[in-house]
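Have a look at this fold, sequence not included:
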């Protein structure tokens, strides 16, 4: 999510430099604000801990293939 957020922010920043209509710039600014919020939420330690690899045997064995 962090990688995707950075890529979308770079793309939105590049589109602001292009000669687009005002409404398209407003959409890109709104998209950039949503992605900035997603970036900060995805990089929060509490959220990152939800997706951390675990070494608990009860969890690892239950999902073994």
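Good, I have the coordinates. What you are looking at is a predicted structure, and each value in this text was computed from that prediction instead of being measured.

Check which helix or strand residue 19 maps to.
Using DSSP states H and E, residue 19 sits within no helix or strand.

And it, how close does it get to residue 25?
10 Å (C-beta to C-beta, to the nearest Å). Yep, even glycine has a C-beta here, placed from its N, CA and C like the rest.

These two: which is more packed in?
The neighbour comparison of residue 19 against residue 25 (other C-beta atoms under 10 Å) goes to residue 25, with 15 against 5.

tell me the contacts of the residue lying closest to the more buried one once chain neighbours are set aside?
Leaving aside its sequence neighbours, residue 25 sits nearest to residue 16 (C-beta to C-beta, 6 or more residues apart in numbering; 6.2 Å). Counting by C-beta atoms under 8 Å, 6 or more residues apart in numbering, residue 16 touches 25, 28-29.

wait, which of those is closest to residue 45?
residue 29 (28.4 Å; C-beta to C-beta).

what sits up against the strand or helix carrying that closest one?
Using DSSP H and E, residue 29 falls within helix 22-42. For helix 22-42, the external contacting residues (C-beta under 8 Å, 6+ apart) are 1-2, 5-6, 8-9, 12-13, 15-16, 20, 47-48.

CSV for these, including pLDDT, distance to residue 35 and secondary structure?
Converted to CSV, the contacts of helix 22-42 look like this (pLDDT from 0 to 100; distance: C-beta to C-beta, whole Å; DSSP: H, G, I helix; E, B strand; the rest coil):
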residue, pLDDT, distance to residue 35, secondary structure
1, 79, 10, coil
2, 79, 11, helix
5, 86, 5, helix
6, 86, 9, helix
8, 88, 5, helix
9, 88, 5, helix
12, 87, 7, helix
13, 86, 11, helix
15, 87, 13, helix
16, 83, 13, helix
20, 88, 18, coil
47, 80, 15, helix
48, 77, 17, helix
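
Greatest separation within these: which pair is it?
The distance between the two most remote of those (C-beta to C-beta) is 35.0 Å, for 20 and 48.

what's the weakest-modelled helix or strand in this structure?
Least confident helix or strand, the chain: helix 57-62 with a mean of 57, by mean pLDDT, DSSP states H and E.
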